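**Student:** How does the following fold in three dimensions:
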Amino acid sequence: MYVVFVYGSLRKGMGNHILLRNSEFIHNDIMMYPGIMVSMGAFPAVVKTNDDIRQIRGELYSVDEEIMTRLDQLEGYPSFYNREQRQTKSDVLAWIYYIENNSYGSKRRDIVDNGDWLQHRSGGNAISRN
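**Tutor:** Now for the predicted structure:
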């Protein structure tokens, strides 16, 4: 079994949550991560920066190997998103998908400053950066 931390389109109420419909929801959690959450349009990405620890809000799920493989396919792992294990605030070791800073490039993106994609999607905060 794998524990995965989801923060965007896989969260409850979002379009890709259907992939987790038969997986065990553990609880909502926060991960302090060395990166920033950005809007990629229809979905977010956490861009690893290694120099700025930010709060990312998400949900924890226990998934089997088949679902983990499907998540890897959805996330384009390892060519688009990469993944690593990190501790959450509730001290759970979980996989998180992220994008390397060098993959982010210089494209203008909206930073989801509070690290909460659901709030951002419902009209919450975002800061445009170049």
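**Student:** Hmm, L20 and M14 touching each other?
**Tutor:** No: look at M14 against L20 with CB atoms under 8 Å: they stay out of range, at 10.0 Å. C-beta coordinates here come from the backbone N, C-alpha and C atoms, glycine included.
**Student:** max-length strand in this structure?
**Tutor:** strand 44-63 (DSSP state E).
**Student:** now that one, how far from the chain's geometric center?
**Tutor:** 5 Å (CA atoms, centre = their mean, to the nearest Å).
**Student:** continuing past the helix with the most length in the chain, what's the next helix or strand?
**Tutor:** Counting residues, the longest helix in the chain under DSSP state H turns out to be helix 65-75. Per DSSP states H and E, the first helix or strand lying C-terminal to helix 65-75 is strand 82-87.
**Student:** Next secondary structure after that following strand?
**Tutor:** strand 93-100.
**Student:** Mind listing what's buried along that next one?
**Tutor:** A94, W95, I96, Y97, Y98, I99 (16 or more other CB atoms under 10 Å).
**Student:** same question, stretch 64-80
**Tutor:** I67, M68, L71, L74, E75, Y77.
**Student:** What of stretch 1-15?
**Tutor:** Buried-residue list, stretch 1-15, by 16+ other CB under 10 Å: Y2, V3, V4, F5, V6, Y7, G8, S9, L10, R11, M14.
**Student:** quick one: the last one and W117, what's the gap?
**Tutor:** Think M14. Per CB to CB, to the nearest Å, M14 is found 8 Å from W117.
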